[in-house]
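Trainee: I would like to see how this sequence folds:
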Amino acid sequence: MRILIYSYNYYPEPIGIAPLMTELAEGMVKRGHEVRVLTAMPWYPEGEIHPLYKGKFFLTEKIRGVTVQRSYIWTSKERNLRNRIGFEFSFMFFSLIQALKGWRPDVILLTVPGLPVCIPAALLGGIYGSPVILNLQDILPDAAVHVGLISNEKLIKVLTNLERFAYRIATKISVIADGFTKNIVAKGVALEKIVEIPNWVDINFIQPLPRENNYFRQVNNLEDKFVVLYSGNIALTQGLETVIEAATYLKHITDIAVVIVGEQKALARLQNYCSKCGASNVHLLPFQPREKLPEMLAAADVGLVVQKKNVLDFNMPSKIQVLLASGRAIIASVPATGTAASAIHKSGGGIVTPPEDPQSLAASVEDLYNHRDKLIRLGNKGRAYAEQNYAFESALDKYEQLFASVVRA
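Mentor: Presented below is the predicted three-dimensional model:
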């Protein structure tokens, strides 16, 4: 098949949807399909275009067998409504021009966020007569409205109409958890239009490596520490302040180190909060190259998943699959009724604590520190669950079958 993937984010961006779409595209190429990807110049999570790609309106690259067609985007480190509108419209317009510079796809996969790009995707589907599969990684505008990112009534109405339009033009909708299914069925989407395919992890790449002689521990002076690790996006929905406050309750155990790995600008903000709280046991470190990810995860004794109280219950962080595959116990400070908590309970690989409750989070860390047998047991269960439920090859099978079914139809 000829598969067109439409995604804001792609390699070399290190987190979020980029690694997933990169693995999906390259996996399909290895199975003999032709894949081209419509994406932006790399910009995430820093909020500015990577130096190697600045000043370009269009660029086509061949990366590990995938044709990657990049287009200019308006972006800024300052996050406000004007810049977001500029981002959306610039990608809509320029990506459509790129899309017309290539072969006719048999199927189009469109990732969400964001919503405005469903317009050029629908145009392409009409021009080429190609089915469009909508891949929901988040539900907008629900999520943005709920956490206060969007409050303008007119904008909410526009985005709600775009959401309905996206569901209507999609031949099929792939969702990453059952919470998504419940949400969009309640909005009138037919159940037979929805296919549940969880996000995956490459269990051959992410493995339970030994803590001893670990490069990440060595270079960051963590060799003799009990390491509690958070790595990933630092945004409004996470509330990393809870982790920093929890660290202050653990200062009496001098060999516990709380490590937060993230984007430099966000770390600078957290550094100020650490100073304010007196959290001297928190280490703030920059993102590692992707090839170093397995070793960084192996440096941890405990992996953290953190959400605020007001996160909608369908939110499913993709880091859960990665942490489970690493064979490390998880502590999830997340809403008890949400999809994330459900995934942790089902896996048997971690503990769920109330969100925005630093004392409970600290107590859970101390419990695992004092009970290493429990720590190992949770890690082993998590790895086994990841192998059975989140293996990349299994997800690849499901996407390949989905693509083939809509092409045949």
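
Trainee: separation between N213 and V35?
Mentor: Distance, N213 to V35, by CB to CB, to the nearest Å: 38 Å. Bear in mind the C-beta positions are built from the backbone N, C-alpha and C, glycine included.

Trainee: those two: who's more crowded?
Mentor: Neighbours were counted for N213 and for V35 using other CB atoms under 10 Å; V35 has more, 22 against 9.

Trainee: quick one: distance of whichever strand or helix holds that one to the chain centre.
Mentor: Assigned by DSSP states H and E, V35 belongs to strand 34-40. Between the centre of strand 34-40 and the centre of its chain there are 19 Å (CA atoms, centre = their mean, to the nearest Å).

Trainee: skip ahead from it and say which helix or strand is next.
Mentor: Remark: after strand 34-40, the chain's next helix or strand is strand 58-63, criterion DSSP H and E.

Trainee: what is the helix or strand following that following strand packed up against?
Mentor: For strand 58-63, the following helix or strand on the C-terminal side (DSSP H and E) is strand 66-71. The elements that strand 66-71 packs onto, with contact taken as 3 or more CB pairs under 8 Å, 6 or more residues apart in numbering; DSSP states H and E, are helix 17-30, strand 34-40, strand 58-63, helix 81-99.

Trainee: given strand 66-71, what are its sheet partners and their directions?
Mentor: Within its sheet, strand 66-71 is paired with strand 34-40 (parallel), strand 58-63 (antiparallel), according to DSSP bridges.

Trainee: quick check: which of those strands is buried the most?
Mentor: Of the strands paired with strand 66-71, the one with the most neighbours on average (mean count of other CB atoms under 10 Å) is strand 34-40, at a mean of 23.

Trainee: tilt between that one and helix 17-30?
Mentor: Angle, strand 34-40 to helix 17-30, by axes from the mean of the first three to the mean of the last three CA atoms, to 10 degrees: 160 degrees.

Trainee: average model confidence for strand 34-40?
Mentor: Throughout strand 34-40, pLDDT has a mean value of 97.

Trainee: quick one: the strand holding V35 to helix 81-99, angle?
Mentor: Per the same axes, to 10 degrees, the angle that strand 34-40 makes with helix 81-99 is 150 degrees.

Trainee: using PDB, write out every CA atom in strand 34-40.
Mentor: C-alpha atoms of strand 34-40 as PDB (Å, rounded to 0.1, in the frame of the first residue of the first chain):
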ATOM      1  CA  GLU A  34       5.500   3.000   0.600                       C
ATOM      2  CA  VAL A  35       5.200   5.700   3.200                       C
ATOM      3  CA  ARG A  36       5.300   9.500   3.000                       C
ATOM      4  CA  VAL A  37       4.900  11.800   6.000                       C
ATOM      5  CA  LEU A  38       3.500  15.300   5.900                       C
ATOM      6  CA  THR A  39       5.000  17.100   8.900                       C
ATOM      7  CA  ALA A  40       6.300  20.500  10.100                       C
END
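
Trainee: before we move on, back to that, what would the strands paired with strand 66-71 look like in JSON lines with distance to E356?
Mentor: Below are the strands paired with strand 66-71 laid out as JSON lines (distance: least, CB to CB, whole Å):
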{"stretch": "strand 34-40", "distance to E356": "33"}
{"stretch": "strand 58-63", "distance to E356": "40"}
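
Trainee: of the ones you listed, which approaches N281 most closely?
Mentor: strand 34-40 (38.2 Å; CB to CB).

Trainee: would you mind giving the helices and strands packed on strand 66-71 as JSON lines with distance to L4 added?
Mentor: As requested, the helices and strands packed on strand 66-71 are exported to JSON lines (distance: least, CB to CB, whole Å):
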{"stretch": "helix 17-30", "distance to L4": "10"}
{"stretch": "strand 34-40", "distance to L4": "6"}
{"stretch": "strand 58-63", "distance to L4": "14"}
{"stretch": "helix 81-99", "distance to L4": "7"}
